[in-house]
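In: The sequence and its predicted three-dimensional model are supplied below.
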Amino acid sequence: MSLHPLFLNFVDQGVPVDTIRYILMFPLVVTLVAFFRQVVGIKAFGIYTPSIVTFAFLAFDPGGLKYGVAIFVSIILVGMFSRLLLRKLRLLYLPRVAITLTIVALAILGILVAGGSLHRTGLASVSIFPLLIMITLVEKFVATQIEKGDKVALILATETLFISLIGYFLARSHIIANFLLSYPWIILFTIPVNIFLGRWRGLRLSEYVRFSKLLKS
Amino acid sequence: MFHFLESWKKSRNILGMNARNLDYLRPSNKKRARRFADDKMACKRLLAKHDLPVPALLARVRTAEDLENFDWSSLPGSFALKPNHGFGGEGIVVVYGKKKDAAEHTWIKADGSLVTVEDLKTHIRNILDGSFSLANIPDSAFFEERLKLLKLLKPYTWKGIPDIRIIVYNRVPVMAMLRLPTKESGGRANLQQGAIGVGIDLASGTTTTAVWGKNRIIDRVPGTRMVLSGIRIPFWKDILKMAGEAQKVSGLGFLGADIAIDRDRGPVFLELNARPGLSIQVANLDGLKGRLERVSGLAVKTVEKGVRMGMDLFGGEIEEELEEISGKKIIGTVEKVKLIGKDGKEVEVEAKIDTGADSTSIDTELARELGFGEVLDFFETIPKPQTTDRTALSALSDEYDKKYKNAHPDLAGIVFVYASNGFTMRPKILLSFFLNGVDISSKASIVERSNLQYPVIVGRKNLRKFLVDVSK
């Protein structure tokens, strides 16, 4: 790997290479999310959530992806469960989300404790940053539940997980990372790509399924 | 490969999200106009100002203070409570009657459950807090008149009120669908939530094909025997005009107008939509993009003109479709027929299409013209039965038919006809004719019809290939 001269200075001053790598990866990951929305038709929870979850997954590395996914899934399950629980109380929105977030935080704590007692060191050593990111996922999830119903929220959560996983494998690729560290200006290429995506008028892949009856008729 | 190409060609006709947002919403629906669609009260005021019918406003709750001071006894027995910035039918409470002999005000919902003042207060607090608005922006609530379900649509509807969504672009209504609430949709007329969308032929206001939820094509209301095609929407032209007017006054260039039909008041606006969904294409089994492209760029000066164009451009397919499905042609009650005479002579006359008659009959005069004079003369020589007793006659009928069939080369049989004016004995001949381009060989009876309007009656036996539309 040959660092671009621009970064040599940073690294000398103690900026971790991983930080530079992730920053360079960010445009790639968000472009990926945009691509999935406009061309494939996978919506997920907007652009922020899937990209940030991607980096949360990366923070579980090395070898921690399974814990990342497990925590993601448990958060969604706990979110659904608390909605059922809180529905009867008929609370206003923010207090309700606050309680949900509390339950989720406790659940994660429980997972960590359980992981510790089972000597899953990979889980126990996870930093707070990815955990907090995952917890904020709950607000997106709860808001969608209220606005569009459980089913839609669950679909969007699955889509978010899917995009984040693809983003994870993309961002983890050493070939791409090394290439970007050597030729950082390449990331500017995502701008014309996004201009193209932003003017893409064609049907999304998902719409070919949605309108399959029209295509056949 | 050919199939793939065909599909791809069809896909060019379909409006997807990307094209909708880029080519239609952005350029056509400016922010100021969108406000009317998102703010139900502003929309109501705007429409009412231009004398367009909207449900009557009963009361409005803007703040927590309003709520505390609210006079609950001012509410009638039935009403709808709505969040001003709600969407997708969320947060709407509809009550149908007031519970008598209750200590405090209590209303009854469609499912029989009770709603107390305390329930309403909690719900309104949630509305004020923005629980049902986009991005949870604090909202206001309002009470409005509850619309009453049209009898015609009752058997198709599960609770709730069906409505008609009309897409208007460039002042031309381009596509429409009837939305029927179902159990799955919880009584809401929203396809995403599981309502039924039924396509409408714009020319006649008659329903065509239907989709349930997002993608399931259906013929009948699930769980019932109610066929969804062929429903005639009343006030159709008025509804199209209203949608056109709404576009004019709202300034929404790409508008989804939602109109319900109240049992007493007729068509009433429910709301205007600045981001109409795309499922209407599945309900109509037709793409929007193709239609929008046909309309864009046309100079449409008045609403009336736009409505006329929409009806002409995007209607009238129903008959063709029906013909395709049933394999039968649609004819009216009076049709031109071309009769083929004995020596190939063709005579064209108007015929009455009579589903009450068993077989076809033609006038004596006409029969002679076609070259059946000889057989008529022969028929005159056959002695008529002397009895008028019906049972005796019906016994004779077979005997006569057998005896005289082919007694003359043109005589295909003899038939006894009992009508209100008595009994007649008629000769039958083999006659071929063309009706709506279809070649028909019939056994026609000959009878004196000179005093009647049409010299030919076409009866049931020769109508098997047709459907009769009495309005035609």
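Out: Alright, I've got the coordinates.
In: separation between B:Asn69 and B:Val61?
Out: Plainly put, B:Asn69 is 10 Å away from B:Val61 if you go by Cβ to Cβ, to the nearest Å. Backbone N, C-alpha and C define where each C-beta goes, glycine included.
In: Compare those two (neighbour count), which wins?
Out: Legend: neighbour count by other Cβ atoms under 10 Å in any protein chain shown for B:Asn69 and B:Val61, higher for B:Val61 (23 against 9).
In: what are the ranges of the helices in chain A?
Out: A:5-12, A:17-35, A:48-59, A:65-87, A:93-117, A:121-124, A:128-172, A:174-182, A:190-198, A:205-210, A:212-216 (DSSP state H).
In: My error: substitute the stretch 251-400 of chain B in the last question.
Out: For the stretch 251-400 of chain B, applying DSSP state H, counting those that start in this stretch gives helices covering B:280-284, B:288-295, B:303-313, B:317-326, B:364-367, B:373-380, B:390-404.
In: Comparing those, which comes out most buried?
Out: Ranked by mean neighbour count, the helices of the stretch 251-400 of chain B are led by helix B:280-284 with a mean of 27 (mean count of other Cβ atoms under 10 Å in any protein chain shown).
In: what about it, near chain A?
Out: Yes. Helix B:280-284 lies within reach of chain A by Cβ under 8 Å from any Cβ of the partner chain, at B:281-282.
In: if we can go back for a sec, ok, and which of the helices of chain A has the densest surroundings?
Out: Mean neighbour counts for the helices of chain A (mean count of other Cβ under 10 Å) peak at helix A:48-59, with a mean of 23.
In: From B:Leu339, how far off is B:Thr424?
Out: Counting by Cβ to Cβ, the gap from B:Thr424 to B:Leu339 is 21 Å.
In: higher neighbour count, the two?
Out: Legend: neighbour count by other Cβ under 10 Å for B:Thr424 and B:Leu339, higher for B:Leu339 (22 against 14).
In: Tell me what the more buried one is bridged to.
Out: B:Val347, B:Phe433 (DSSP bridges).
In: What parts of the stretch 201-350 of chain B come near chain A?
Out: Within the stretch 201-350 of chain B, the residues that sit near chain A (Cβ under 8 Å from any Cβ) are B:211, B:214-215, B:217, B:278, B:281-282, B:285-287.
In: Okay, now the unreliable bits of the chain?
Out: Reading this off chain A. A:1, A:121-122, A:124-125, A:217 (pLDDT under 70).
In: Chain B was what I was after
Out: Low-confidence segments of chain B, defined by pLDDT under 70: B:1-2, B:88, B:135, B:317-327, B:419-421, B:471-472.
In: Go ahead and confirm B:Gly296 touches B:Val172.
Out: Just so we're on the same page, residue B:296 is Ser rather than Gly. No. B:Ser296 is beyond contact range of B:Val172, at 9.3 Å (criterion: Cβ atoms under 8 Å).
In: So which of the two has more stuff around it?
Out: More crowded of B:Ser296 and B:Val172, by other Cβ under 10 Å: B:Val172, with 29 against 15.
In: I'd assumed B:Met311 was in contact with the more buried one.
Out: No. Judged on Cβ under 8 Å, B:Val172 makes no contact with B:Met311 at a distance of 9.5 Å.
In: for the residue in the stretch 251-400 of chain B positioned nearest to chain A, phi and psi?
Out: Per Cβ to the nearest Cβ, B:Leu285 is where the stretch 251-400 of chain B lies closest to chain A, at 4.8 Å. Main-chain torsions, B:Leu285, degrees, to the nearest 10: phi 50, psi 40.
In: just the helices in the stretch 1-150 of chain B please.
Out: B:2-11, B:17-19, B:26-28, B:31-38, B:40-49, B:64-68, B:117-128.
In: Could you export those helices as JSON lines, including mean neighbour count and distance to B:Ala141?
Out: Formatted as JSON lines, the helices of the stretch 1-150 of chain B follow (neighbours: other Cβ atoms under 10 Å in any protein chain shown; distance: least, Cβ to Cβ, whole Å):
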{"stretch": "helix B:2-11", "mean neighbour count": "12", "distance to B:Ala141": "43"}
{"stretch": "helix B:17-19", "mean neighbour count": "20", "distance to B:Ala141": "31"}
{"stretch": "helix B:26-28", "mean neighbour count": "13", "distance to B:Ala141": "30"}
{"stretch": "helix B:31-38", "mean neighbour count": "16", "distance to B:Ala141": "15"}
{"stretch": "helix B:40-49", "mean neighbour count": "18", "distance to B:Ala141": "10"}
{"stretch": "helix B:64-68", "mean neighbour count": "12", "distance to B:Ala141": "8"}
{"stretch": "helix B:117-128", "mean neighbour count": "19", "distance to B:Ala141": "4"}
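In: need those in JSON lines with distance to chain A, can you?
Out: Output for those, formatted as JSON lines (distance: least, Cβ to the nearest Cβ, whole Å):
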{"stretch": "helix B:2-11", "distance to chain A": "4"}
{"stretch": "helix B:17-19", "distance to chain A": "4"}
{"stretch": "helix B:26-28", "distance to chain A": "11"}
{"stretch": "helix B:31-38", "distance to chain A": "14"}
{"stretch": "helix B:40-49", "distance to chain A": "17"}
{"stretch": "helix B:64-68", "distance to chain A": "11"}
{"stretch": "helix B:117-128", "distance to chain A": "5"}
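In: quick one, what contacts residue 22?
Out: With no chain named, the answer covers chain A. The contact partners of A:Tyr22, by Cβ atoms under 8 Å, 6 or more residues apart in numbering or on different chains, come to A:55, A:58, A:171.
In: that's the wrong chain, I meant chain B
Out: Shown in contact with B:Leu22 (Cβ under 8 Å, 6+ apart): A:199, A:201.
In: again, but for B:Pro427
Out: B:375-376, B:379, B:411, B:413-414, B:445-446.
In: immediately after the strand or helix carrying it, which helix or strand?
Out: Using DSSP states H and E, B:Pro427 maps to strand B:422-435. Helices and strands here follow DSSP H and E; after strand B:422-435, the next one along the chain is strand B:438-447.
In: Tell me the helices and strands packed up against that following strand.
Out: Packing partners of strand B:438-447 (3 or more Cβ pairs under 8 Å, 6 or more residues apart in numbering or on different chains; DSSP states H and E): strand B:361-363, helix B:364-367, strand B:413-419, strand B:422-435.
In: partners of it, with directions?
Out: strand B:361-363 (parallel), strand B:422-435 (antiparallel).
In: Deepest-packed of the ones you listed, please.
Out: Highest mean neighbour count among those (mean count of other Cβ under 10 Å): strand B:361-363, with a mean of 24.
In: For that strand, which outside residues touch it?
Out: Residues outside strand B:361-363 that contact it (Cβ under 8 Å, 6+ apart): B:339, B:370, B:426, B:431, B:444-450, B:452, B:455-457, B:459.
In: So which of the residues you listed wins on neighbours?
Out: Within those, most neighbours by other Cβ under 10 Å means B:Ala444, with 28 neighbours.
In: Specify the beta-bridge partners of it.
Out: Beta-bridge partners of B:Ala444, counted by DSSP bridges, are B:Ile429.
In: separation between A:Glu159 and B:Gly223?
Out: The gap separating A:Glu159 from B:Gly223 is 32 Å, by Cβ to Cβ.
In: sorry, back to before: now the contacts of B:Pro427 in JSON lines, with distance to B:Ile353?
Out: Shown next, in JSON lines, are the contacts of B:Pro427 (distance: Cβ to Cβ, whole Å):
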{"residue": "B:Val375", "distance to B:Ile353": "26"}
{"residue": "B:Leu376", "distance to B:Ile353": "25"}
{"residue": "B:Phe379", "distance to B:Ile353": "26"}
{"residue": "B:Leu411", "distance to B:Ile353": "26"}
{"residue": "B:Gly413", "distance to B:Ile353": "23"}
{"residue": "B:Ile414", "distance to B:Ile353": "25"}
{"residue": "B:Ser445", "distance to B:Ile353": "17"}
{"residue": "B:Ile446", "distance to B:Ile353": "19"}
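In: who in chain A is up against chain B?
Out: Proximity of chain A to chain B (Cβ under 8 Å from any Cβ) is limited to residues A:38, A:41, A:90, A:92-94, A:143, A:146-149, A:152, A:199-204, A:207-217.
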